[in-house]
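Got a predicted structure here, sequence first:
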Amino acid sequence: MTAQSPNPKSQITKETTKSAKAAKTAKNLKQTIMIFARFAIFAVFAVQASAQQLLDHVVARIGNSALTQTDVDFAAAFGVVDPKAGDPVKQMIDRRLVIGEVNRFPPPEPTATAIDEVVARMKTTAGSQAAAVMKRTGVDEKRLSEFARETLRIEAYIAQRFGNGPRADQQRTQWLDGLRSRGDVTEFSLRP
């Protein structure tokens, strides 16, 4: 018996058929991807505007950070700002400006006990609504402690810088006015 040599034409035909099948498969895959992409784009733009939910309002920008309505609502509920003493947004802007100064010239760190006391006072101020406000604003126990720590650091800084002499209030007011004038602050009005 003689060994038959493979037919070169047959091998070329098989390779051509494989290449044609691979090209067809690639073309089908490309068409499927294009159909999916068109559907995805349609689905994104087909969502009605009424189905969109506003997450929060930015009420001011202080430097590179945003102050949201949620921040202001939380601060008012927990007594971080006093709505009776004026516009809570302006109070929160002032607080952020002061915190910037406190971070530049830090006073001694408050103790854990002092922070816990301020947290307890804040929760007392919020009363029975404390848990609901925390849930609505997304503030957890850790962030509540951070607010308390910031409050204590601000108080220590103000006491360290101005003391409590007869001119302390006047000096604090002038200093805060200077912070406002130098601060990079933009307030945004909320439209109903």
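All right, it came through fine.

Against Lys27, how distant is Thr124?
Using C-beta to C-beta, to the nearest Å, we find Thr124 at a distance of 70 Å from Lys27. The way it works is simple: take the backbone N, C-alpha and C, and place the C-beta from them, glycine included.

Also Thr125?
68 Å.

So the two - more neighbours on which side?
A side-by-side neighbour count of Thr125 and Lys27, using other C-beta atoms under 10 Å, places Thr125 first with 15 against 10.

Can you dump the C-alpha atoms of whichever helix or strand that one is part of in PDB for me?
Using DSSP states H and E, Thr125 sits in helix 112-126. The C-alpha coordinates for helix 112-126 follow below in PDB (Å, rounded to 0.1, in the frame of the first residue of the first chain):
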ATOM      1  CA  ALA A 112     -13.300  61.000  74.200                       C
ATOM      2  CA  THR A 113     -15.400  61.800  77.200                       C
ATOM      3  CA  ALA A 114     -15.900  65.400  76.100                       C
ATOM      4  CA  ILE A 115     -16.900  64.200  72.600                       C
ATOM      5  CA  ASP A 116     -19.400  61.700  74.100                       C
ATOM      6  CA  GLU A 117     -20.900  64.500  76.300                       C
ATOM      7  CA  VAL A 118     -21.500  66.700  73.200                       C
ATOM      8  CA  VAL A 119     -22.900  63.800  71.300                       C
ATOM      9  CA  ALA A 120     -25.400  63.100  74.100                       C
ATOM     10  CA  ARG A 121     -26.300  66.800  74.200                       C
ATOM     11  CA  MET A 122     -26.900  66.800  70.400                       C
ATOM     12  CA  LYS A 123     -29.100  63.700  70.700                       C
ATOM     13  CA  THR A 124     -31.000  65.400  73.500                       C
ATOM     14  CA  THR A 125     -31.500  68.500  71.300                       C
ATOM     15  CA  ALA A 126     -32.900  66.300  68.500                       C
END
